[in-house]
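Novice: Return a 3D structure for these sequence lines:
(chains A and B)
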Amino acid sequence: MKFKVLIVEDSKVSREHIAATVEAVDGVEAVTTASGFEALKLLPRQRFDLIITDINMPDINGLELINFVKKNPNYRDVPLIIVTTEGREQDRSRGMALGAAGYLVKPFQPEDLEALLRRFLKPL
Amino acid sequence: MTPGGKALAEFVAEATEILDALGRDLLALDEARGQEADPEHINGIFRAAHSLKGLSGLFGQERISQLAHAAEDLLDRLRLGRLTLDDQVLDTLVDALDTFQALLGEASRTEEGADLSQRTRDMEDRMARLGSPPPAVEEDPLERLELDATVRAVFTEYEEHRLRENVRRGVALWRVRAAFDLTDFDQGLADLNARLKPLGEVISTLPSSRPGGSTGIAFDLIFGAKVAAHALEAALRGTPAELAPLAVRPPVEGSPGPAFDMPPPPSGREETDAELLLAADTDEEEPDEGSAPPGGSTSLATVPVTPVGSPPRMRAVAPPSTVVGLQAAASAPIPAGRPKVEETSLRSLTQTVRVDIGRLDGLINMVGELLLIKANLQRLAETSRQDGTVALSKLFGQELSRETRQLERKLEALQEGLLEARMVPVGQVFDKLARLVRKIAREAGKEIDFVSSGGEVELDKLIVEELSDPLMHLIRNAIDHGAEGPEARLSAGKPRRAVVRLRAEQKGNHVVISVSDDGSGIDEVRVREVALSRGLVTPSQVSEMTRRELLNLIFLPGFSTRSSVSSLSGRGVGLDVVKNNLGNLSGIIDVWSERGKGTAFHLTLPVTLAIVRALVVGVSGRTYAVPLNSVLEILSVQPRDIRTVERREVLDLRGQTLPFLRLGRLFHLPEREVNRHFVVVVGLAQQRLGIAVDELFGQQDIVTKPLGGRLSRVKGISGATDLGNRRTVLVLDVAELLEEGIAQERRRA
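Specialist: Residues are numbered from 1 along each chain as shown, chains lettered A, B, ... in the order given. So this is what the prediction gives:
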């Protein structure tokens, strides 16, 4: 059984980069979406072991997605990782306060993400 | 990531897109110089700079990344209200865009000029130095807004700033709450947004899983209204939205008053309703949900705004069934302002064609030769003028006609050369599709081998662009519905991995593109059942249908054999839309399928849309043009050769029955008594039709121009063309006429 990671990121290049990094880890599968809305649609249909989300997105922001996931008994146990850029400390700390399990600052090294995956996807 | 050729091309393409978007927003700001800037444009530019920074960082494009970083900083200050957008800032941004474009140009040539590097650093400094002192800080206006802290906690810094700005200006703030079905909430929200946007600013969209049941989802939109309450109510009539004003304490002295009257407090009977509603909300939500806190101090006063003629409570607006949803999506106009879904089109943003310099040189040479002929003709004209009354010699006439022939030949060559310049290999689209296949296969849990061939076949650029979306849809279908999962394939005795093929082939004046799979095939019995149950055909019609005709029913609007919509193909676009798209390209689609063996779609397309050779015909005194690329032959028949089979006119053509269409009758023209008909036999793919006309005038190159307004919907006409002698004639749409022939057959059956 593979671990399934949902990646929510509106920038195509970033999304594909994250997906490639995630899939490079054995036993992990990535599902990508470009918007919060798409994520909301996918959540009830598939079981995810981890969600990686951007904060600034066009339809709903990443914080709202985190809040939604954490308020919903069906998904509240799925760990969330925020991906932000430098200088967005307020957004990041709000995300952590809402229950995100970790964060990653762009541009990141593949090892950083891999370390997070190993921390939250056990036993990997 | 090192920028190799392909990666570099990808980077340049995406960066170009980002800069295009940035340019559009910047242009909008520039046009509105001196007025108050629309926050959406500033945020758009900020997002573009942000994306560009991430993108260029990823591809090791240091200079662009650095500059984008500086731009992002500046724009962030701007959108968070720490900097005022004045002429100086705007000019800087315009110059920065220029610098970005220059940098991208160098990057695409893998250059790194010292001059531009210096210019980039100067630009960074210039942006960093910009800064008006932040406006005097008074009391934070947000403190005056009675909004629960848990709601505030999910706002990004930017959203919080927008909320603050709206409070500071005294804009009436509302919570717009609406519940939708989980399957199509984005459409419902898009509709809601389209209604709200002209009336103010949607500051935030907060999702909530309750109340909404297991298949529903609710949203709270925080909305700053530029209009009075009744206008807002009117705009939301008919939607599941409920309005509740967000209370704002009066500002301290000296601050501007509210732009519009707040809605009057509910009174009497209504007040009871409001309380009941609030209580109901609280019951359904968790105490910390935020939008409706429990107990005494209501931070959100709730006023039910009941749309006339609809129940007061939130309702899920779920379509009764999937198929209805599909139908609606395919035929209904797309609401304005609908957000982009992830399914981005593969079409390129530019209408540019790259032309090999050799081809251009050839064209220039031809123009040189044309100039030579023009000089000769000029000389001849001059001679004839000077000789005045002297009768023109035979020799002169010969010379003139020789030059005219030359001119004709060169013009033909020039036309051909220009058409060639419009041609691009279909492989351009094939490559993009190939990249998608892996992702689609992964999402669908299928193992797919993708094989493409014939990528070198050339088609008109316009056609190639328009083809990308239909092809993407067909490939999604092949993977999603055609190919079986690995286990199912193994148990059916097939190789584990399914094969999806994309092939292009030139056949005369047409190109045939096929999308095929070796999957489970289409069950025509099921197709028949579904078509019957949807009322698309009658039992007597299907009883006479061949297997091929049955299979072709899948192209009818409203047909879908799927009982559920998949996230892959089910975006409200059915095969009928694919068929329509192809029809717009004068193409035709055909399906072949064998149970257990697979399915193949064949798309037959003209090589170019720009200039075609046409047969000019006359019917009842009117003139029409028939594109020659679909004309197979012309027959001369006596009226007695026309037979009537099942109330339908047909001809016998070498033992085959050929459907016969009287053009005059189709267009309701007065029919003439004739002792013989000319029958133009047209065909596309497997379909044939004989079109009866009165006269044949000859062949001519035509450029078809679309018809505007109501005329554009006339069946059987694709456009109009100018025949040169200032006569405008209508051009027949052969694909549609073939359709019409089949439809008549169905109607009569």
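
Novice: alpha carbons only for contacts and neighbour counts from here, please
Specialist: OK.

Novice: Skipping its backbone neighbours, what lies nearest B:P250 in space?
Specialist: Using CA to CA, 6 or more residues apart in numbering or on different chains and skipping residues adjacent in sequence, the residue nearest B:P250 is B:R144, 7.3 Å away.

Novice: Quick one: residues contacting that neighbour.
Specialist: By CA atoms under 8 Å, 6 or more residues apart in numbering or on different chains, the residues touching B:R144 are B:V167, B:V248, B:R249, B:P250, B:P251.

Novice: what's the closest of those residues to chain A?
Specialist: B:V167 (20.8 Å; CA to the nearest CA).

Novice: Give me the phi and psi for the residue nearest to B:P250.
Specialist: Per-residue torsions, B:R144: phi -80, psi -20 (degrees, to the nearest 10).

Novice: got a list of contacts for the worst-scoring helix or strand of chain A on mean pLDDT?
Specialist: Ranked by mean pLDDT, DSSP states H and E, the helix or strand of chain A with the weakest confidence is helix A:89-97, at a mean of 83. Outside helix A:89-97, the residues that touch it by CA under 8 Å, 6+ apart are A:I55, A:G62, A:L63, A:I66, A:I82, A:T84, A:G102, A:Y103, B:A153, B:V154, B:T156, B:E157.

Novice: Give me the neighbour count for the first one.
Specialist: The number of residues packed around A:I55, counting by other CA atoms under 10 Å in any protein chain shown, is 26.

Novice: Same question for the fourth one.
Specialist: The criterion is other CA under 10 Å. On that basis, A:I66 has 25 neighbouring residues.

Novice: try B:E399
Specialist: Neighbourhood size, B:E399 [other CA under 10 Å]: 14.

Novice: Next secondary structure element downstream of the helix or strand where it lies?
Specialist: For B:E399, the host element (DSSP states H and E) is helix B:394-422. Per DSSP H and E, the first helix or strand lying C-terminal to helix B:394-422 is strand B:423-425.

Novice: got the buried residues for the host helix or strand of B:F660?
Specialist: Per DSSP H and E, B:F660 falls inside strand B:656-662. Neighbour-count burial for strand B:656-662, counted by 16 or more other CA atoms under 10 Å in any protein chain shown, picks out B:L658, B:P659, B:F660, B:L661, B:R662.

Novice: How far away from the center of its chain is that strand?
Specialist: Offset of strand B:656-662 from its chain centre (CA atoms, centre = their mean, to the nearest Å): 37 Å.

Novice: Who are the packing partners of it?
Specialist: Judged by 3 or more CA pairs under 8 Å, 6 or more residues apart in numbering or on different chains; DSSP states H and E, the packing partners of strand B:656-662 are strand B:648-653, strand B:687-693, helix B:734-748.

Novice: if I pick the residue most central in space within chain A, what's in contact with it?
Specialist: In chain A, the centroid-proximal residue (CA atoms, centre = their mean) is A:I52; its distance is 0.7 Å. Residues in contact with A:I52, defined by CA under 8 Å, 6+ apart, are A:V5, A:L6, A:I7, A:V8, A:L80, A:I81, A:I82, A:V83.

Novice: Please report the distance of A:E38 from B:I217.
Specialist: A:E38 sits at a distance of 13 Å from B:I217 (criterion: CA to CA, to the nearest Å).

Novice: Correction: the previous question concerned B:V693.
Specialist: Separation of B:V693 from B:I217 (CA to CA): 60 Å.

Novice: surely B:I717 meets B:L730?
Specialist: Yes: counting by CA atoms under 8 Å, a contact exists between B:I717 and B:L730, whose distance comes to 6.7 Å.

Novice: What count of nearby residues applies to the closest residue in space to A:G27 that isn't next to it in sequence?
Specialist: Of all residues not flanking A:G27 in the chain, A:K2 sits nearest, at 4.9 Å (CA to CA, 6+ apart). By other CA under 10 Å, 11 other residues sit near A:K2.

Novice: can you count the residues close to the nearest residue to B:P639 once chain neighbours are set aside?
Specialist: Spatially, and ignoring its direct neighbours in sequence, B:P639 is nearest to B:R676 (6.0 Å; CA to CA, 6+ apart). By other CA under 10 Å, 15 other residues sit near B:R676.

Novice: Just the pLDDT for B:R676.
Specialist: Looking at B:R676, its pLDDT stands at 83.

Novice: Go ahead and confirm it touches B:L635.
Specialist: No: using CA under 8 Å, B:R676 makes no contact with B:L635, being 10.1 Å away.

Novice: what sits against the residue of the stretch 351-500 of chain B found nearest chain A?
Specialist: Nearest to chain A, among the residues of the stretch 351-500 of chain B, is B:E443, at 7.0 Å (CA to the nearest CA). Residues near B:E443 by CA under 8 Å, 6+ apart: A:V31.

Novice: how near is it to A:V8?
Specialist: 15 Å.

Novice: go on, B:A102?
Specialist: Going from B:A102 to A:V8 by CA to CA gives 32 Å.

Novice: Mind checking which of these two has more residues around it?
Specialist: Between B:A102 and A:V8, counted using other CA under 10 Å, the more crowded position is A:V8 (27 against 15).

Novice: you'd agree that one is up against A:D54?
Specialist: Yes: contact criterion CA under 8 Å: A:V8 and A:D54 qualify, at 6.2 Å.

Novice: Report the backbone C-alpha coordinates of stretch B:716-734 in CSV.
Specialist: Only the C-alpha atoms of stretch B:716-734 are listed here, as CSV (Å, rounded to 0.1, in the frame of the first residue of the first chain):
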residue,chain,number,x,y,z
GLY,B,716,-25.6,23.9,-44.3
ILE,B,717,-23.8,27.2,-44.8
SER,B,718,-20.2,27.7,-43.4
GLY,B,719,-19.7,31.2,-44.5
ALA,B,720,-19.5,33.6,-47.5
THR,B,721,-16.9,34.3,-50.1
ASP,B,722,-16.2,36.9,-52.6
LEU,B,723,-15.9,35.5,-56.1
GLY,B,724,-13.7,38.4,-57.3
ASN,B,725,-16.2,40.2,-59.6
ARG,B,726,-17.8,41.7,-56.5
ARG,B,727,-20.2,38.8,-56.2
THR,B,728,-20.6,37.5,-52.8
VAL,B,729,-21.8,33.9,-52.6
LEU,B,730,-22.5,31.5,-49.8
VAL,B,731,-20.2,28.5,-49.1
LEU,B,732,-21.8,25.2,-48.4
ASP,B,733,-20.8,23.4,-45.2
VAL,B,734,-20.4,19.8,-46.4
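
Novice: Give me the buried positions along the helix or strand A:D112 falls within.
Specialist: Taking DSSP H and E as the definition, A:D112 sits inside helix A:110-120. For helix A:110-120, burial by neighbour count (16+ other CA under 10 Å) applies to A:L113, A:L117, A:F120.

Novice: From the chain's centroid, how far away is it?
Specialist: Centre-to-centre, helix A:110-120 and its host chain are 12 Å apart (CA atoms, centre = their mean).
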